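>>> sequence below, structure please.
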Amino acid sequence: MNVLMMTLGPLGTNCYLVWQEGASTALVIDCAGDALDIVNALDDRELELRLIVNTHGHADHIEALAGLHEATGAEIAIHEMDALMLTDAYLSGAAMLGFPQPRVAAGRLLSEDDEIHLEGTDIALTVIHTPGHTPGSICFLSEGTLFSGDTLFAGGIGRVDLPGGDPRAMTASLKRLMELPPETTVYPGHGETTTIGEEQAGNPWLEGM
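You can find the predicted model right below:
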């Protein structure tokens with residue numbers, strides 16, 4: 001599994017392009033920033049985008065969603081509890097932040113333990129429902145790799161003081177993630193990559209978990 005991390009948009013949000021060597025299809029996790037940047041990355045690698053999957057529905061993570069969907073026709077997937085954030089500028093925070101609101105509906109609603117398969121490849125992402133940052137926040141686990149969205153960062157965790165945030169739910173979600181093997185690579189929604197082991201050892205927000 002190949003992963004290209006692109007840090008895009010005014011909030012420095014990580015967008016991930018995922019594909020398999022030798023295959024022609026790809027998926028994107030959290031389409032931040034400008035759709036053209038993502039399309040160019042696809043074109044440079046001669047990849048066809050089939051899926052756009054979202055860890056949650058905040059505006060900085062879906063900023064390019066409408067343009068990318070229009071350019072590629074890729075299916076959109078998000079957890080069922082965050083689905084309305086794709087069409088409501090107040091729920092997504094776009095109205096507050098001045099971001100564009102995509103107003104496109106998801107073609108697939110996700111829930112705990114769902115598996116997302118990328119056509120033409122062996123890549124499969126397993127959905128882990130990790131509420132706390134938003135009610136429908138999810139992580140994707142594949143081949144010892146975790147795409148953690150805004151649940152877990154290198155040295156930090158996602159905010160719980162925004163609308164829909166829940167401190168108790170976040171604690172429970174983080175405890176679940178800490179049960180993953182320590183060598184699991186973590187690709188977060190913001191900041192640098194890390195591992196579960198590094199966060200178990202040094203993340204001050206996880207002390208006592």
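>>> residues in contact with the residue lying closest to Ser142 once chain neighbours are set aside?
Nearest non-adjacent residue to Ser142, counting by CB to CB, 6 or more residues apart in numbering: Leu125, 4.8 Å away. For the C-beta atoms, the positions are set from N, CA and C on the backbone; glycine is no exception. Contact partners of Leu125, counting by CB atoms under 8 Å, 6 or more residues apart in numbering, are Leu27, Val53, Glu115, Ile116, Phe140, Leu141, Ser142, Phe147.
>>> which PyMOL command selects the buried ones in these?
Buried subset of the contacts of Leu125, written as a PyMOL selection, criterion 16 or more other CB atoms under 10 Å:
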select buried, resi 27+53+116+140+141+142+147
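>>> from the contacts of Leu125, pick the one nearest Thr7.
Nearest to Thr7 out of those is Phe147 (CB to CB; 14.4 Å).
>>> which ones are touching the closest one?
Listed by CB under 8 Å, 6+ apart, the contact partners of Phe147 are Tyr16, Ile29, Thr55, Leu125, Cys139, Phe140, Leu141, Tyr187.
>>> now swap in Ile52 and tell me
Leu27, Val28, Cys31, Leu65, Leu68, His69, Ala74, Glu75, Ile76, Ala77.
>>> I'd assumed Val28 was in contact with the fifth one.
I take that to be Leu68. Yes - here Leu68 reaches Val28: they are 7.0 Å apart, a contact under CB atoms under 8 Å.
>>> pLDDT below threshold where in this protein?
By pLDDT under 70, the chain has no low-scoring segment.
>>> which neighbours do Leu68 and Val28 share?
Residues touching both Leu68 and Val28 (CB under 8 Å, 6+ apart): Ile38, Leu49, Ile52, Ala74.
>>> for the residue nearest the centre of the chain, what is the enclosing helix or strand?
Taking CA atoms, centre = their mean, the centroid of the chain lies closest to Thr55, which sits 3.3 Å from it. Using DSSP states H and E, no element contains Thr55; it sits outside every helix and strand.
>>> that one reaches Leu146, doesn't it?
No - using CB under 8 Å, Thr55 is not in contact with Leu146, being 10.7 Å away.
>>> list residues touching both of these two?
In contact with both Thr55 and Leu146: Cys139, Phe140, using CB under 8 Å, 6+ apart.
>>> how near is the residue nearest to Ser142 to Ile138?
Per CB to CB, to the nearest Å, Leu125 is found 10 Å from Ile138.
>>> same thing with Asp161?
Distance check for Asp161 against Ile138: by CB to CB, it reads 20 Å.
>>> thanks a lot, catch you later.
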